[in-house]
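Participant: with the input below, show me the fold.
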Amino acid sequence: MTSTVKSLGEQGLLKIFRQYCSAVVGDDAAPMGATLPDRQMVVTTDMLIDGVHFSDRTTSPEDVGWRAAAVNLSDLAAMGAKPWGLVMSVGLPPDTEIAWIEGVYRGFSECLQTYGTELVGGDTVRSPVRTLSVTAFGQVPKTQVIQRHKARVGDVIVMTGLHGLSKAGLELLLKEELKEELLAPMRIGNRILAGEDLVQAICHYHQRPIPRFDAIAILHKILNQQNHPTDFPVSGMDSSDGLADAIAQICRASKVGAKIHWRSLPIHRAVRALAGDHALDWVLYGGEDFELVLCMPLSLAEKFVNQLSGAVIIGEIIDGDRIDGLEMRSAFQHFQP
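Facilitator: Numbers count the residues shown, from 1 in each chain. Predicted coordinates:
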């Protein structure tokens with residue numbers, strides 16, 4: 001007989017939950033300690049709902065857990081922060097299999113361990129649909145907070161990695177026949193892959209996004225090695241809702257425009273093979289790539305892209321409110337059809 005949430009009960013479920021928690025868990029609240037004197041606390045939250053953000057068809061329980069952690073950690077990275085702890089609350093129908101929620105906790109814990117942080121609390125409730133609500137806490141030096149409203153005319157725009165691969169992975173998961181478009185070996189990261197290995201690697205971009213803390217570490221290293229102004233010269237956000245949306249959000253918040261080098265945007269061979277004439281649309285509007293889109297002076301950007309593999313300058317910030325050639329009708333927005 002399959003064990004379910006109903007058969008286990010709340011206390012049994014909490015016993016499983018505590019296996020994946022920090023040692024500070026066990027009271028009504030978790031003592032987090034004080035932030036360091038020169039640090040500012042950063043808080044972010046995201047919800048994942050079955051049928052909207054994940055499904056059994058495309059995402060294993062472990063991958064659901066990883067994604068739930070990674071999307072929040074990506075928000076911390078986008079602010080220039082290091083993680084300080086996360087809480088996860090789950091809403092579950094009574095017939096949810098225990099194996100599913102255990103898989104979620106395993107994937108969540110694996111992601112947190114990878115990035116040096118831990119689960120410090122949460123809640124469990126009955127719900128008509130499987131729902132995860134995650135809040136992440138981080139710390140960032142007070143003078144080095146990355147915000148989207150500080151882009152300046154003359155800055156260049158840098159993206160930390162390729163876009164469109166998460167969309168490619170999702171399409172492969174949904175449409176088995178698309179695998180036939182990936183017959184030739186291709187480079188994924190520093191590996192040459194073919195066949196099922198290639199398909200799995202591309203699907204991985206959708207199932208297990210990578211928060212770009214590595215990019216932030218390189219950025220801080222460069223800034224610490226040079227005399228930089230007290231006014232922190234970097235602005236930006238992550239590209240979880242798409243590259244085009246990130247650029248538009250930055251421009252809107254900063255009251256500036258942008259000129260993007262659309263024709264020189266790097267497009268992975270797998271995206272071209274799967275999307276055909278729509279490859280650029282996948283890059284701009286596909287979403288869920290969780291790269292960083294950063295604005296900074298050219299002198300800093302040149303050092304940054306030289307040290308961060310895959311980073312590329314894709315445009316510049318200009319006066320006005322236009323974004324040259326950008327069509328925003330396809331950009332993702334919550335609550336729109």
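Participant: residue 223 and residue 297 touch, don't they?
Facilitator: No: between residue 223 and residue 297 there is no contact, the gap being 11.1 Å when judged by CB atoms under 8 Å. Bear in mind the C-beta positions are built from the backbone N, C-alpha and C, glycine included.
Participant: so those two - more neighbours on which side?
Facilitator: Higher neighbour count among residue 223 and residue 297: residue 223, with 18 against 15, using other CB atoms under 10 Å.
Participant: and the more buried one, what pLDDT?
Facilitator: Predicted confidence (pLDDT) for residue 223: 90.
Participant: how close does it sit to residue 158?
Facilitator: For residue 223, the distance to residue 158 equals 14 Å [CB to CB, to the nearest Å].
Participant: also residue 175?
Facilitator: Taking CB to CB, one finds residue 175 at 33 Å from residue 158.
Participant: who has more neighbours out of those two?
Facilitator: Neighbour totals were compared for residue 175 and residue 158, and residue 158 leads with 26 against 11 (other CB under 10 Å).
Participant: the more buried one belongs to a helix?
Facilitator: No: assessed with DSSP: H, G, I helix; E, B strand; the rest coil, residue 158 is strand; it does not lie in a helix.
Participant: residues in contact with it?
Facilitator: 293, 294, 295, 296, 301, 304, 305, 311, 312, 313, 314 (CB atoms under 8 Å, 6 or more residues apart in numbering).
Participant: partner residues bridging it?
Facilitator: According to DSSP bridges, the partner residues bridging residue 158 are residue 294, residue 313.
Participant: from the chain's centre, how far out does stretch 214-231 sit?
Facilitator: 22 Å (CA atoms, centre = their mean, to the nearest Å).
Participant: mind listing the strands for the stretch 51-200 of the chain?
Facilitator: With strands called from DSSP state E, counting those that start in this stretch, the stretch 51-200 of the chain shows them at 82-92, 119-126, 131-141, 156-159, 186-188, 191-193.
Participant: single out the most deeply packed of the ones you listed.
Facilitator: Ranked by mean neighbour count, those are led by strand 156-159 with a mean of 25 (mean count of other CB atoms under 10 Å).
Participant: just the terminal-to-terminal distance for stretch 53-61.
Facilitator: This stretch, stretch 53-61, spans 13 Å end to end (CA to CA, to the nearest Å).
Participant: whoops, I mixed them up, stretch 21-38
Facilitator: The straight-line separation of the ends of stretch 21-38 (CA to CA) is 28 Å.
Participant: could you pull out the helices in this structure for me?
Facilitator: 5-18, 61-78, 98-114, 165-174, 195-207, 213-225, 243-254, 269-275, 279-285, 298-307 (DSSP state H).
Participant: related to what we said a few turns ago, any chance of the strands of the stretch 51-200 of the chain in CSV, plus distance to residue 30 and mean pLDDT?
Facilitator: Below are the strands of the stretch 51-200 of the chain laid out as CSV (distance: least, CB to CB, whole Å; pLDDT from 0 to 100):
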stretch, distance to residue 30, mean pLDDT
strand 82-92, 7, 96
strand 119-126, 4, 91
strand 131-141, 10, 97
strand 156-159, 36, 98
strand 186-188, 39, 93
strand 191-193, 40, 93
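Participant: closest to residue 19 out of those?
Facilitator: Taking CB to CB, strand 119-126 is the member of the strands of the stretch 51-200 of the chain nearest to residue 19, at 10.1 Å.
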